[in-house]
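1. My questions are about this predicted structure, shown below with the sequence.
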Amino acid sequence: MNGSDSADYARTLLMVLGPVAERPLALPAPDDSLLSDDHTPVEYSLAFVPNEDPTLRVLLEPGCGADSLAENGRTGLRVVRDMARRWGFDTKRLDELEDLFFPPNPQGPLALWCALELVPGGIPRMKVYLNPAASGQERSAATVREALRRLGHRKAFTALPEGDRHLFFALDLGDWEEPRVKVYLAHHNLSAPEAAGLSRVDGGPGRTEITGFFRMAAGHDTGIEGTDGHEVRLDRRPVQSCHAFTETATGRPSGFTLYIPVRDYARHDGEALDRAVAVLGRHGIDPGPLRRSLSAVTSRRLRDGVGLIAYLGLAHQQGRPPRVTAYISSEAYAVRPPVAAPARQVETVH
Ligand code: TRP
């Protein structure tokens, strides 16, 4: 992206964040936003495929600092619609879901997040993240099912794997070749072989690709594929899966992504970066831009904290090469201290 794109995008981010962007960082975080661990309402990420520049994305909470979740959601909707108008996107698919995700007394951990893919040209591609638990955690499955149905994905819900909780319902808005509807699930205590069984995409990722990614990202990589009688489970922050739906004819998802919360299974960010580099290397991707992006965000030493790299993701979309994604925290308010002793990060089940 050129200098004028980056100036445009800097202005765009200020616009999305509104008054919160002007708030001195010496003050406490505006609210307890769950977008990031230290409550900064901004998280960066890079999406990598071999032999191309990575795509820079940013996740934002436009309603951060609102007095209530309802107000947070109204601000989020207004900002998304303002941006859509500015860039000539239509928000019909979001409008059709408004009553489901923005009830008068919303519940749950968020109201609306939006992510922008900062592609060259100054007009980002937009993604909107909604809260399936808005009408109550116990209604979240029904909310997701109804949202999919309204968007024409009548058979999609039954195609999804089992999970512990619906986390997000996301929509692509704007100039996408194939706009996706995405459903995110949490998976507690997941093992690599179980992760390999989650994808419902026809001809989706192979088992060894998923187990290899899982073990590398989690730091369980022994160099040996397959299990040796032990199953290592991620028993802290849950792994997340995401299924993406792009067409309504087959009822099948066309995309599957697995997210490993590397920050909860590493002692410090030096270790997290090593794992990211190993994952990128396995996919034939140059780690240079990731290293540079970390020093653009912070001047601290990587071993002096953990959480700068929040998640590592592996995304498969039919007809495209696999993408590796790395989520980079802002750490505007706090750095999580590193783990002093070797992390007791594994639970061994015989
Ligand atoms: N901070 C939240 C979490 O850790 C949400 C989130 C932010 C997230 N970035 C993400 C979830 C990337 C998955 C992948 O769950």
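-> Everything's here; your move.

2. The stretch 1-150 of the chain: helices as residue ranges?
-> With helices called from DSSP state H, counting those that start in this stretch, the stretch 1-150 of the chain shows them at 3-17, 69-87, 92-95, 98-101, 140-150.

3. what's the distance between the first one and the middle of its chain?
-> So that's helix 3-17. Its chain's C-alpha centre and that of helix 3-17 lie 21 Å apart, by C-alpha atoms, centre = their mean, to the nearest Å.

4. With only the CA atoms kept, save it in CSV.
-> Provided in CSV are the C-alpha atoms of helix 3-17 (Å, rounded to 0.1, in the frame of the first residue of the first chain):
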residue,chain,number,x,y,z
GLY,A,3,1.7,6.5,1.4
SER,A,4,-1.6,8.1,0.4
ASP,A,5,-3.4,4.8,1.1
SER,A,6,-1.9,4.6,4.6
ALA,A,7,-2.8,8.3,5.3
ASP,A,8,-6.4,7.5,4.1
TYR,A,9,-6.6,4.4,6.3
ALA,A,10,-5.2,6.2,9.4
ARG,A,11,-8.1,8.7,8.9
THR,A,12,-10.6,5.9,8.5
LEU,A,13,-9.5,4.2,11.7
LEU,A,14,-9.9,7.5,13.6
MET,A,15,-13.4,7.9,12.1
VAL,A,16,-14.4,4.3,13.1
LEU,A,17,-13.2,4.7,16.7
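
5. for the record, mean pLDDT for that helix?
-> Across helix 3-17, the average pLDDT comes to 95.

6. name the helices or strands packed onto that helix?
-> Helix 3-17 is packed against strand 55-60, helix 69-87, strand 112-117, with contacts defined by 3 or more C-beta pairs under 8 Å, 6 or more residues apart in numbering; DSSP states H and E. Yep, even glycine has a C-beta here, placed from its N, CA and C like the rest.

7. Please indicate which of the ones you listed has the most neighbours on average?
-> Across these, the average number of neighbours (mean count of other C-beta atoms under 10 Å) peaks for strand 112-117, which reaches a mean of 22.

8. Apart from its chain neighbours, what residue comes closest to residue 34?
-> Setting aside the residues directly before and after it, residue 34 is nearest to residue 109 in space (C-beta to C-beta, 6 or more residues apart in numbering), at 4.7 Å.

9. Between the helices and strands packed on helix 3-17, which one is closest to the ligand.
-> Closest approach to the ligand among the helices and strands packed on helix 3-17 is made by strand 55-60 (5.7 Å; C-beta to the nearest ligand atom).

10. about what we covered before: would you turn the helices and strands packed on helix 3-17 into a markdown table with mean pLDDT?
-> Output for those, formatted as a markdown table (pLDDT from 0 to 100):
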| stretch | mean pLDDT |
| --- | --- |
| strand 55-60 | 98 |
| helix 69-87 | 98 |
| strand 112-117 | 98 |
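
11. ok, now how distant is the residue nearest to residue 34 from the ligand?
-> Distance, residue 109 to the ligand, by C-beta to the nearest ligand atom, to the nearest Å: 8 Å.

12. For that residue, give me its contacts.
-> Neighbouring residues of residue 109 by C-beta atoms under 8 Å, 6 or more residues apart in numbering: 34, 131, 133.

13. Neighbour-wise, give me the winner out of those.
-> Neighbour counts for those (other C-beta atoms under 10 Å) peak at residue 131, which has 25 neighbours.

14. Might one say that it is in contact with residue 170?
-> No - using C-beta atoms under 8 Å, residue 131 is not in contact with residue 170; the gap is 10.7 Å.

15. Which secondary structure state is assigned to residue 217?
-> Classification of residue 217 by DSSP: H, G, I helix; E, B strand; the rest coil places it in helix.

16. Could you report the neighbour count for it?
-> For residue 217, the neighbour count with other C-beta under 10 Å is 30.

17. Tell me which residues touch it, please.
-> With contacts defined as C-beta under 8 Å, 6+ apart, residue 217 is in contact with 260, 262, 275-276, 279, 312.

18. Let me have the residues you listed in a markdown table, extended by neighbour count.
-> Listed next are the contacts of residue 217 as a markdown table, based on neighbours: other C-beta atoms under 10 Å:
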| residue | neighbour count |
| --- | --- |
| 260 | 26 |
| 262 | 28 |
| 275 | 22 |
| 276 | 26 |
| 279 | 25 |
| 312 | 26 |
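
19. Restricted to helices, list those residues.
-> Counting by DSSP state H, those place 275-276, 279 in helices.

20. Near the ligand, which residues of the stretch 251-350 of the chain are found?
-> Within the stretch 251-350 of the chain, the positions near the ligand by C-beta under 6 Å from any ligand atom are 259, 310-311, 327.

21. same thing but 5 Å
-> Applying C-beta under 5 Å from any ligand atom, we find that the stretch 251-350 of the chain lies next to the ligand at 259, 311, 327.

22. Now that we have the helices of the stretch 1-150 of the chain, can you turn them into CSV and tack on distance to the ligand?
-> Shown next, in CSV, are the helices of the stretch 1-150 of the chain (distance: least, C-beta to the nearest ligand atom, whole Å):
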stretch, distance to the ligand
helix 3-17, 16
helix 69-87, 15
helix 92-95, 20
helix 98-101, 16
helix 140-150, 15
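
23. I'd like those helices as a markdown table, with distance to residue 58 appended.
-> Below are those laid out as a markdown table (distance: least, C-beta to C-beta, whole Å):
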| stretch | distance to residue 58 |
| --- | --- |
| helix 3-17 | 6 |
| helix 69-87 | 13 |
| helix 92-95 | 19 |
| helix 98-101 | 22 |
| helix 140-150 | 25 |
